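*Asks:* structure for the following, please:
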Amino acid sequence: MESQLQQSEELLYSIGELSKLAGLPIKTLRFYADEGLLPPAHIADSRYRYFNADSLPRLQLIRTLREADFSLQSIRELLEQQTDFQALVQLQLQTVQVQMQALVRQQAVLQAALKQHTTVHEFAELMQQARLSHQERENLLSRHLKSTFGGLGVDPEWWPEFWATAGAELPAEATPAQLSAWLELTRLVQDPTFQRAIRAQVEPFWQHAVNSDSVQTHTFEMGIIFDQAVDAAEKGVAPESSEGQSLIAAFSRPCAEALNQSYTPQFLRWWHNHLQTTAHPSVARYWELVALMHGQPVPQIQSGLEWVLAGLETAMKNPDLL
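*Replies:* Residues are numbered from 1 along each chain as shown. Next comes the predicted model:
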């Protein structure tokens, strides 16, 4: 039977006694002993292992390092003073950060799977998308967007400027919300409904514009003014007010100029109809997701569009304001 031993004026503990003192299972202590992390101070003829007073703090250190997920090999080297602790801590920190990023990705995929009611095969696809590299992510988005605009005669030189706004890179330390946004975005750009909607929005500019330089210049202006219209809607600025009508004109005139059209009530009616018929929630959602991935406040695209449509209705009824 195991019991305390007195050897050379040193009190020894059986493995069972050390287990109670440390609050760890005997099985764990035997494992550490077998791995050479917890060498016994004495092995009796009965092959019972006994440990001295130094074993308890050593065991507590092992336990602490294991809780920090240090490997057995790393712990062995530390205990034998064969490695620099700070260097090992730095390495372990990097490992933990990688593991945390992997868990964040996994969390985002699981949330997306629930939100999108995916099948097991779609879930596997989401997991694959979450593991893509920066270049692979960029290629996936740009490939689908370029395909969407195919056949419109889009000037290749326009693309980098558009991509600077429409592209969405996932930060190195993405939040669960940003990862979820990325996964939603990858599915959105492959949705035929979204592709038709965003293509219809830009089609007149490439089919009827004066030239590509005009498209680049004026669509950039329109993007800036539309952001201001969204802000105006959020601040409660009335679209029929003088401030509202100034924004409507600033947003609409570049479109008329790009299409070589006079800024008339007839043009405004076409412009109103175009915005109304090509508006689709999926396109608004695209820009919301892009903003989220950029770490920016999510714009209220739909509210901004409704504000612009109301402002255009006022402008059409009041030709004198033109």
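*Asks:* kindly report the domain assignment for this protein.
*Replies:* With automatic domain parsing as the criterion, the domains of the chain are listed as 5-83, 133-321.
*Asks:* make JSON lines out of the ones you listed and add mean neighbour count and distance to residue 109.
*Replies:* Where you see a C-beta, it was placed from the backbone N, CA and C, and this is true even at glycine. Written out in JSON lines, the entries for these read as follows (neighbours: other C-beta atoms under 10 Å; distance: least, C-beta to C-beta, whole Å):
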{"stretch": "domain 5-83", "mean neighbour count": "15", "distance to residue 109": "23"}
{"stretch": "domain 133-321", "mean neighbour count": "16", "distance to residue 109": "7"}
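*Asks:* right, and these - which one's nearest residue 112?
*Replies:* domain 133-321 (4.4 Å; C-beta to C-beta).
*Asks:* if we can go back for a sec, so which of the domains of the chain gets nearest residue 100?
*Replies:* Going by C-beta to C-beta, the one of these nearest residue 100 is domain 133-321, 8.9 Å.
*Asks:* pull out the buried residues from the helix or strand hosting residue 110.
*Replies:* Taking DSSP states H and E as the definition, residue 110 sits inside helix 85-116. Applying a neighbour-count criterion of 16 or more other C-beta atoms under 10 Å, one finds 88, 92, 104, 105, 108, 109, 112, 113 buried in helix 85-116.
*Asks:* mind putting those into TSV with distance to residue 315 and pLDDT?
*Replies:* TSV is the format used below for the buried residues of helix 85-116 (distance: C-beta to C-beta, whole Å; pLDDT from 0 to 100):
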residue	distance to residue 315	pLDDT
88	69	79
92	64	79
104	47	74
105	48	71
108	44	74
109	47	74
112	42	73
113	46	77
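*Asks:* of these, closest to residue 276?
*Replies:* Residue 276 has its nearest neighbour among the buried residues of helix 85-116 in residue 112, at 31.5 Å by C-beta to C-beta.
*Asks:* circling back to that earlier point, dump the domains of the chain into a markdown table; add mean pLDDT as well.
*Replies:* Supplementary listing: the domains of the chain in a markdown table, determined by pLDDT from 0 to 100:
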| stretch | mean pLDDT |
| --- | --- |
| domain 5-83 | 86 |
| domain 133-321 | 84 |
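*Asks:* and the two most separated of the buried residues of helix 85-116?
*Replies:* Distances among the buried residues of helix 85-116 were taken as C-beta to C-beta; the most separated pair is 88 and 113, at 37.1 Å.
*Asks:* was I right about residue 32 contacting residue 38?
*Replies:* Yes: using C-beta atoms under 8 Å, residue 32 and residue 38 qualify as a contacting pair, with a distance of 4.0 Å.
*Asks:* anything in contact with each of those two?
*Replies:* Contact with both residue 32 and residue 38 is made by residues 59, 62, according to C-beta atoms under 8 Å, 6 or more residues apart in numbering.
*Asks:* before we move on, what SS does residue 261 have?
*Replies:* When the structure is reduced to helix, strand and coil (DSSP: H, G, I helix; E, B strand; the rest coil), residue 261 reads as coil.
*Asks:* let me see the contact set for it.
*Replies:* Counting by C-beta under 8 Å, 6+ apart, residue 261 touches residue 267.
*Asks:* check whether residue 40 really touches residue 34, as I assumed.
*Replies:* No: the pair formed by residue 40 and residue 34 falls short of the contact definition of C-beta under 8 Å, at 10.8 Å.
*Asks:* ignoring the adjacent residues along the chain, who's closest to residue 268?
*Replies:* Excluding its sequence neighbours, the residue lying closest to residue 268 (C-beta to C-beta, 6 or more residues apart in numbering) is residue 316, at 4.8 Å.
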